[in-house]
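In: pasted the sequence and its predicted model underneath.
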Amino acid sequence: MFEVIEKGQTLDLSVVSKQESSGKFYFGAGWDNPNGPVDLDIVAVLLDSSGKITKKADLIYFGNKTQSGVRLSEDNTTGEGEGDDESIVIDTSLIPSDVDSIVVGLAAYSGSADLATAPNAHFRVCDGEVEESDQIGDVQLSGASASDTVVAAFTLKRAANDSWELENTEKFHQLGNGSRAIESFGQQYA
């Protein structure tokens with residue numbers, strides 16, 4: 001079992017990963033809906049060496065679920081069910097060489113939802129490609145303030161020798177809801 005990294009900490013995945021070959025990492029988010037449907041969405045951006053998104057297709061969200069090495073699950077708009085409600089799997093062996101880092105986040109899509117009030121919300125990363133893989137990081141969504149609708153949770157960074165590092169960035173933003181939240185997440189890196 002790994003020590004789960006906290007905000008600001010970084011893991012050298014080439015050293016700590018239990019995976020023998022390609023590095024696959026599972027990011028999962030879940031929440032409950034005791035007072036009616038709540039819709040949170042996983043988002044990600046693929047960035048070049050200057051930390052910029054270079055094309056619209058490099059913004060991964062429910063309307064653009066796949067990119068080379070990145071696969072987003074189906075969109076859960078209610079939070080119903082046990083465990084993770086949405087996930088994204090990143091296979092670092094398939095990430096194009098011009099991608100230097102990947103920021104993975106979570107956005108509140110529902111009209112009045114924010115991350116501070118989403119019931120029992122969690123967001124985590126695991127060393128492997130399935131929900132049951134060893135957890136290596138989590139974001140404390142309880143740290144969100146009222147009106148925080150997006151968190152840039154984790155950053156995968158390409159390191160020396162094509163290895164990867166994982167940083168728990170946990171940066172909250174007030175970017176509105178719905179498609180505006182997702183578009184604004186991408187614009188942070190434009």
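Out: That came through, no problem. These figures come from a predicted structure and were not determined experimentally.
In: what helices or strands is the lowest-mean-pLDDT helix or strand in the chain leaning on?
Out: Among the helical and strand segments of the chain, the one scoring lowest on mean pLDDT, DSSP states H and E is helix 13-16, with a mean of 74. If you count contacts as 3 or more Cβ pairs under 8 Å, 6 or more residues apart in numbering; DSSP states H and E, helix 13-16 packs onto strand 164-173. Placement of C-beta: from N, CA and C, glycine included.
In: report the mean confidence score over the next helix-or-strand element following the strand it packs on.
Out: Downstream of strand 164-173, the next assigned helix or strand under DSSP states H and E is helix 178-187. The average pLDDT for helix 178-187 rounds to 92.
In: go on, stretch 148-158?
Out: Per-residue pLDDT values across stretch 148-158 average out to 95.
In: put the alpha carbons of it into PDB.
Out: Output in PDB follows, covering the C-alpha atoms of stretch 148-158 (Å, rounded to 0.1, in the frame of the first residue of the first chain):
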ATOM      1  CA  ASP A 148     -15.700  26.700  -5.900                       C
ATOM      2  CA  THR A 149     -16.900  24.800  -8.900                       C
ATOM      3  CA  VAL A 150     -13.700  23.400 -10.400                       C
ATOM      4  CA  VAL A 151     -10.600  21.800  -8.900                       C
ATOM      5  CA  ALA A 152      -7.400  21.200 -10.800                       C
ATOM      6  CA  ALA A 153      -6.600  18.200  -8.700                       C
ATOM      7  CA  PHE A 154      -3.600  16.300 -10.100                       C
ATOM      8  CA  THR A 155      -0.900  16.900 -12.600                       C
ATOM      9  CA  LEU A 156       1.000  14.200 -14.400                       C
ATOM     10  CA  LYS A 157       4.400  15.600 -15.500                       C
ATOM     11  CA  ARG A 158       6.800  14.000 -18.000                       C
END
